[in-house]
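*Asks:* Provide a 3D model corresponding to the input given below.
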Amino acid sequence: MAFKVCSRLAALGWIRHQTSACGSLSSGCAFMVKHDRQNLRFTATPSSGVGPPEGAVLLYRFTGENEVDLMSTFVPEAFRGRGVAALLSQAAIDFLVEEKLRAHVSCWYVKKYMEEHPDDQCRDLLIS
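*Replies:* The predicted structure follows:
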């Protein structure tokens, strides 16, 4: 449910997830997910500004006119176990849906996330 609400905000290029909205986050820490279209990446940083300066990242590239490859995710050790990679994965999926794109999924985590959160819409997004 929280991701459906958050998906509406993805079109704006940012999402703020609170512990109350996303139960996978711990310690009351909120993360800001931003879509950097110019550099083809999604980044997640604590909205408090505390934490590693590089933040977590999901990288993608265009492989065709309406196709992308979700290549990789990286989450700094300080953020691991808080659901940050899941937030990035969902933001990428929301982007695919909003832009009517299809995807190759090279990243093992995004692939796992999509398998664990099956959705008819997600299946239609995948390129074998």
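
*Asks:* Give me the distance between the residue nearest the centre of the chain and residue 61.
*Replies:* If you average the C-alpha coordinates of the chain and look for the closest C-alpha using Cα atoms, centre = their mean, you land on residue 88, 1.9 Å from that point. Here residue 88 is placed at a distance of 16 Å from residue 61 (Cβ to Cβ, to the nearest Å). Quick note: C-beta positions are derived from backbone N, CA and C, even for glycine.

*Asks:* same question, residue 74
*Replies:* Note on residue 74: its distance to residue 61, by Cβ to Cβ, is 15 Å.

*Asks:* Count the neighbours of the residue nearest to residue 31 when sequence neighbours are not counted for me.
*Replies:* Distance criterion Cβ to Cβ, 6 or more residues apart in numbering; nearest residue to residue 31, sequence neighbours excluded, is residue 44 at 4.8 Å. Neighbouring residues of residue 44 were enumerated by other Cβ atoms under 10 Å; the total is 28.

*Asks:* now residue 44, which residues is it bridged with?
*Replies:* residue 33, residue 56 (DSSP bridges).

*Asks:* Show me the shaky parts of this structure.
*Replies:* Low-confidence regions of the chain, defined by pLDDT under 70, span residues 1-29, 51-52, 120.

*Asks:* Do you have the helices of it handy? List them.
*Replies:* For the chain, the helices defined by DSSP state H occupy 2-10, 84-99, 108-116, 120-125.

*Asks:* May I see the buried residues of stretch 92-99?
*Replies:* Buried residues in stretch 92-99, defined by neighbour count with 16 or more other Cβ atoms under 10 Å: 92, 93, 94, 95, 96, 97.

*Asks:* Columns distance to residue 105 on top of these, output as a markdown table?
*Replies:* As requested, the buried residues of stretch 92-99 are exported to a markdown table (distance: Cβ to Cβ, whole Å):
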| residue | distance to residue 105 |
| --- | --- |
| 92 | 9 |
| 93 | 10 |
| 94 | 15 |
| 95 | 13 |
| 96 | 10 |
| 97 | 15 |
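
*Asks:* ok, back up a step: quick one: contacts for the residue nearest to residue 31?
*Replies:* The neighbourhood of residue 44, defined by Cβ atoms under 8 Å, 6 or more residues apart in numbering, consists of 31, 32, 33, 34, 55, 56, 57, 75, 79, 84, 87, 88.
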